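Q: next one to model:
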Amino acid sequence: MAEQTERVGARLRAYVAEAPVIGAMAVGAGSYVLGFGLTYLLVALDSGLDPAATTESVIAQTGIFQQAQLAGFPQPEPTTTEFVGWIFYNAHFVDTVAVPQVSGQAGQGGAQTQSAPEAFNILTTASTQVPSVVYQLVPVLLLTVSGYALARAADLEVSRSLVRIGLGVPTTYVPLSLFGAFFFRAAATAEQDGIEITVSASPSIGGVLVMALVSTLFGIVGLYLGAQQGESADA
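A: Here you go, the predicted structure:
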C-alpha cells in the first residue's frame with residue numbers, strides 16, 4: 001500500500017514538474033474551495049456570527065433598511081452557505097453589497113427608497129468571537145502554503161518564470177470568485193411596494209480585482225518561498 005501511494009505521488013510530482021502552470025491552476029481552485037470550507041468551519045465555531053442575529057444587527061441597520069418609508073420591510077434571510085460566502089469575501093476585503101431595485105408603483109412615486117447600492121463589511125462590523133484577522137489569514141495562508149507545496153513538488157527554481165507560473169493561480173480563483181459573487185446572495189422583497197433589495201458578495205469590478213490581486217500575490221509568494229527553500233536544500 002505504501003509502495004503504491006509512493007508511486008502515485010511520484011507520478012503526480014512528475015506531472016506537476018512538466019506542467020507547473022496546470023499545478024498553479026489547481027492551487028487557485030483548491031485554495032478557493034478549501035478557503036470557503038475553513039471559513040464555514042470558523043463561522044460554525046464563532047458564536048458572534050450567527051447568520052440570523054448578525055443579519056438583524058448589521059444588515060438591518062444599514063441606510064437602505066433604515067429608510068422610514070420601509071418600516072416593516074422584510075430582512076434578507078440568508079442561508080448559512082450564503083452568509084459564510086459573504087464572510088469569506090469580507091476576509092478578502094471585498095464588501096457585501098445591498099442593491100435596491102424599484103419597480104411598479106414604487107417607481108411611480110408610491111414608495112420611496114434609497115436607490116444607490118450600499119456596501120459594508122460584516123466581518124469588521126460584527127462582534128465576532130474569533131478575531132477577524134483569523135478569517136483574513138485563511139486565504140493568505142492557503143494560497144501561500146499551496147504555492148510553496150507546488151514549487152517543492154515541481155522542483156522549481158527562483159527565476160522570472162515563477163511570475164508566469166503564478167499567473168495561473170487567478171485563472172481559476174477569479175472565475176470561482178465571480179461565480180460565488182452571484183451564488184452567495186439573498187433577497188428581501190416587498191411586492192406590494194414594488195421594491196426588492198438583494199444582498200450579495202460584491203460583483204463589482206473592484207471586488208474582482210481584489211480577489212485577483214490576493215490570489216496572484218500570495219500564490220507567487222508561496223512559489224518563491226518554495227523555490228528558494230529547494231535551492232537552499234540542494235546547496
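Q: now the helices for this protein?
A: Counting by DSSP state H, one finds helices in the chain at the ranges 2-18, 20-45, 51-57, 80-90, 104-105, 122-125, 132-153, 161-166, 170-183, 205-234.
Q: columns mean neighbour count on top of these, output as TSV?
A: To be clear about C-beta, it is placed using only N, CA and C from the backbone, and glycine gets the same treatment. Below are these laid out as TSV (neighbours: other CB atoms under 10 Å):
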stretch	mean neighbour count
helix 2-18	11
helix 20-45	20
helix 51-57	17
helix 80-90	23
helix 104-105	13
helix 122-125	20
helix 132-153	20
helix 161-166	20
helix 170-183	18
helix 205-234	19
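Q: report the central residue of the protein.
A: The residue lying closest to the centre of the chain (CA atoms, centre = their mean) is Y89, at 3.5 Å.
Q: that one reaches G180, doesn't it?
A: Yes - if you go by CB atoms under 8 Å, Y89 and G180 touch, sitting 7.1 Å apart.
Q: show me whatever sits in contact with both of those two.
A: A201 (CB atoms under 8 Å, 6 or more residues apart in numbering).
Q: now the residue nearest to L176 when sequence neighbours are not counted: how far from L209?
A: Closest residue to L176 apart from its sequence neighbours, by CB to CB, 6 or more residues apart in numbering: Y32 at 4.5 Å. Noted for Y32: a distance of 16 Å to L209, by CB to CB, to the nearest Å.
Q: now A187
A: A187 is 26 Å from L209, by CB to CB.
Q: for S127, same thing?
A: Applying CB to CB, the value for S127 to L209 is 30 Å.
Q: again with A24
A: Shown here: A24 relative to L209, a distance of 19 Å by CB to CB.
Q: for L176, same thing?
A: L176 is 15 Å from L209, by CB to CB.
Q: tell me the contacts of the closest residue to S146 other than its chain neighbours?
A: Nearest non-adjacent residue to S146, counting by CB to CB, 6+ apart: V27, 4.3 Å away. V27 makes contact with L143, S146, G147, L150, G168, V169, G219, G222, according to CB under 8 Å, 6+ apart.
Q: give me that answer again for 10 Å
A: V27 makes contact with 20, 142-143, 145-150, 165-166, 168-169, 172-173, 215, 219, 222-223, according to CB atoms under 10 Å, 6 or more residues apart in numbering.
Q: where does this structure have its least confident helix or strand?
A: helix 104-105 (a mean of 52; mean pLDDT, DSSP states H and E).
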